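Q: this one's structure only:
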């Protein structure tokens, strides 16, 4: 009985405490709501406008207003009212005091309007005033990006080896607001190896800012011939001056490739066999026919085979070299011979197999999306029908039910 009494008292105490907490939270919420209705909230805490444009700054209160005042960067205090006539390019902005809106309209923005604004409102029937800060940034074009690049050893050079790590710094000075920086290799945007940009603001120079960002990148052979680009993004930075580039010259040996195949050669006519190999600098090429070497540039008219001097590929561009073996008159036995070519520079070498044929190039069956969909659908239908037939046969359903009955009758 004593235990039940204690438990009952405990339950009552717990219930009472719960009610008290609920009332306390309710009171806090009510107070917060009441306060929030009086708090002034800027519509935009920061605006960026160009010199010569108009600007509208707005504070919103939860109650109708008696007074609206703006302290502007020049030190002036402006009292604005909906019923006041605009003067000197300044006037009220908003839907009226009854809707709790306190706003300032600036018809033509100049440098003097750049800075922090303090909006002060007095709700109707109140002695209290509420304030909010906002910024109006009058844009000023920054300087063009400055780009510095160093190699993995810290030296300043335009040549890098594959696998080297480069370190680059892009800096854009004297802009308002600070410019944004983007990095590209060729047309591909870089998102890795970036450090956080550092912004330096010079308050004594009208709030002008400079921004700097560093990047590191381990070079691949495919970066060769491309430009490392630092691109500035700013409302007043012209496209013609928003990019600074650094040309990348990546040194690497010839790369492994699958076998080369040449079809459609004609017996009795001249045959040309070409390979295109990535390498930098230009490699030397040696062709082998049944292990007999033919060196590029050896163009004696008495020889049946000769290798042309390699040239940069027109289709692939910088860092890709095309070497061609010429067969003056193609004979039937030439098709059966073994061809290979060796490419070599100071950074490595590779050998490639070449297969030739007088047959036309095999046609690759090009299936469209619609055709593939029809084939997949047909396969699914076949699988479904097959599954249903197996199920029906096992269960003696549909057309298989008669066979099962006949079998049962004969056994009787």
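A: Here it is on my side, so go on. Please read all numbers here as calculations on a predicted model, not as lab measurements.

Q: which of the residues in the helix or strand residue 323 falls within are buried?
A: Per DSSP states H and E, residue 323 falls inside strand 320-327. Going by neighbour count (16 or more other CB atoms under 10 Å), the buried part of strand 320-327 is 320-327. For the C-beta atoms, the positions are set from N, CA and C on the backbone; glycine is no exception.

Q: so where do the helices sit in the protein?
A: Here the chain has its helices, by DSSP state H, at 2-38, 332-335, 369-395, 401-411.

Q: between the buried residues of strand 320-327, which is nearest residue 274?
A: The closest of those to residue 274 turns out to be residue 324 (CB to CB; 4.5 Å).

Q: check contacts around the closest one.
A: For residue 324, the contact set (CB atoms under 8 Å, 6 or more residues apart in numbering) comprises 272-274, 307-308.

Q: Out of those, which end up buried?
A: Counted by 16+ other CB under 10 Å, the contacts of residue 324 give 273-274, 307-308 as buried.

Q: In CSV: those residues, plus distance to residue 230.
A: Listed next are these as CSV, based on distance: CB to CB, whole Å:
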residue, distance to residue 230
273, 44
274, 38
307, 43
308, 41
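
Q: Burial check on residue 201, number of neighbours?
A: Counted by other CB atoms under 10 Å, the residues lying close to residue 201 total 14.

Q: Once you drop chain neighbours, what's closest to it?
A: In this structure, residue 201 finds its nearest non-sequential neighbour in residue 209, 4.7 Å apart by CB to CB, 6 or more residues apart in numbering.

Q: Could you tell me the model confidence score at the one you found?
A: pLDDT for residue 209: 93.

Q: try residue 20
A: 60.

Q: quick revisit: from the buried ones among the contacts of residue 324, which single one is nearest residue 99?
A: Closest approach to residue 99 among the buried ones among the contacts of residue 324 (CB to CB): residue 274, at 77.0 Å.

Q: Quick check: the closest one touching residue 320?
A: No: with contact defined as CB atoms under 8 Å, residue 274 and residue 320 do not form a contacting pair (11.8 Å).

Q: So which residue is smack in the middle of this protein?
A: In the chain, the centroid-proximal residue (CA atoms, centre = their mean) is residue 189; its distance is 5.9 Å.

Q: any idea how far residue 167 is from that one?
A: Distance, residue 189 to residue 167, by CB to CB, to the nearest Å: 19 Å.

Q: can you check residue 267 too?
A: Distance of residue 267 to residue 167, given as CB to CB: 58 Å.

Q: Just list whatever residues bridge to the nearest residue to residue 162 once chain neighbours are set aside.
A: Leaving aside its chain neighbours, residue 162 sits nearest to residue 252 (3.9 Å; criterion: CB to CB, 6+ apart). For residue 252, the beta-bridge partners are residue 280 (DSSP bridges).

Q: Quick check, pLDDT for residue 252.
A: pLDDT, residue 252: 97.

Q: Residue ranges in the stretch 301-412 of the chain under the pLDDT threshold?
A: The stretch 301-412 of the chain contains residues with pLDDT under 70 at 301, 364-368, 397-412.

Q: at 50 instead, please
A: 404, 406-412 (pLDDT under 50).

Q: And for stretch 313-321, what's in contact with it?
A: The contact list for stretch 313-321 (CB under 8 Å, 6+ apart) reads 221, 224-225, 250, 276-280, 282-283, 285, 310-312, 322, 343.

Q: Put the buried members of the residues you listed into a PyMOL selection.
A: Entered in PyMOL, the line below selects the buried ones among the contacts of stretch 313-321, by 16+ other CB under 10 Å:
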select buried, resi 221+224+225+250+276+277+278+279+280+283+285+310+322+343
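
Q: Show me the domain layout of this structure.
A: If you go by automatic domain parsing, the domain ranges for the chain are 41-138, 146-251, 260-356, 367-397.

Q: circling back to that earlier point, between residue 267 and residue 167, which is the more surrounded one?
A: Just comparing residue 267 and residue 167: by other CB under 10 Å the higher neighbour count belongs to residue 167, 15 against 12.

Q: Is it correct that that one is in contact with residue 147?
A: No: under the criterion of CB under 8 Å, residue 167 is not in contact with residue 147, lying 11.7 Å apart.

Q: Report the buried residues of stretch 86-97.
A: Judged by neighbour count using 16+ other CB under 10 Å, the buried positions of stretch 86-97 are 90-94, 97.

Q: Next one: the residue lying closest to residue 196 once chain neighbours are set aside relative to residue 149, how far apart?
A: The spatially closest residue to residue 196, leaving aside those adjacent along the chain, is residue 213, at 7.7 Å (CB to CB, 6+ apart). Per CB to CB, residue 213 is found 13 Å from residue 149.

Q: excluding its backbone neighbours, what's nearest residue 207?
A: Closest residue in space to residue 207, ignoring its immediate chain neighbours: residue 176 at 5.7 Å, by CB to CB, 6+ apart.

Q: Could you list which residues are in contact with the one you found?
A: Contacts for residue 176 (CB under 8 Å, 6+ apart) come out as 114, 137-140, 142, 206-209.

Q: repeat that with 7 Å
A: Applying CB atoms under 7 Å, 6 or more residues apart in numbering to residue 176 gives the contacts 137-140, 207-209.

Q: List the beta-bridge partners for it.
A: Residues in beta-bridge contact with residue 176 (DSSP bridges): residue 140.

Q: Then the one 5 residues further on?
A: Assessed by DSSP bridges, residue 181 has beta-bridge partners residue 232.

Q: Show the model's pLDDT score for the nearest residue to residue 144 once chain neighbours are set aside.
A: Computed as CB to CB, 6+ apart, the closest residue to residue 144 that is not its neighbour in sequence is residue 241, at 4.6 Å. Listed pLDDT for residue 241 reads 87.

Q: Tell me the spacing between residue 241 and residue 228.
A: Distance, residue 241 to residue 228, by CB to CB: 18 Å.

Q: Those two - which one has more neighbours?
A: Using other CB under 10 Å, the more surrounded residue of residue 241 and residue 228 is residue 228, with 23 against 13.

Q: give me every residue that touches the more buried one.
A: 149, 168, 185, 245-246, 248.

Q: Save the residues you listed as a markdown table, and put in neighbour count too.
A: Shown next, in a markdown table, are the contacts of residue 228 (neighbours: other CB atoms under 10 Å):
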| residue | neighbour count |
| --- | --- |
| 149 | 20 |
| 168 | 19 |
| 185 | 17 |
| 245 | 14 |
| 246 | 15 |
| 248 | 20 |
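
Q: Of all pairs in those residues, which one is the farthest apart?
A: For the contacts of residue 228, the maximum inter-member distance is 12.1 Å, found between 149 and 185 (CB to CB).
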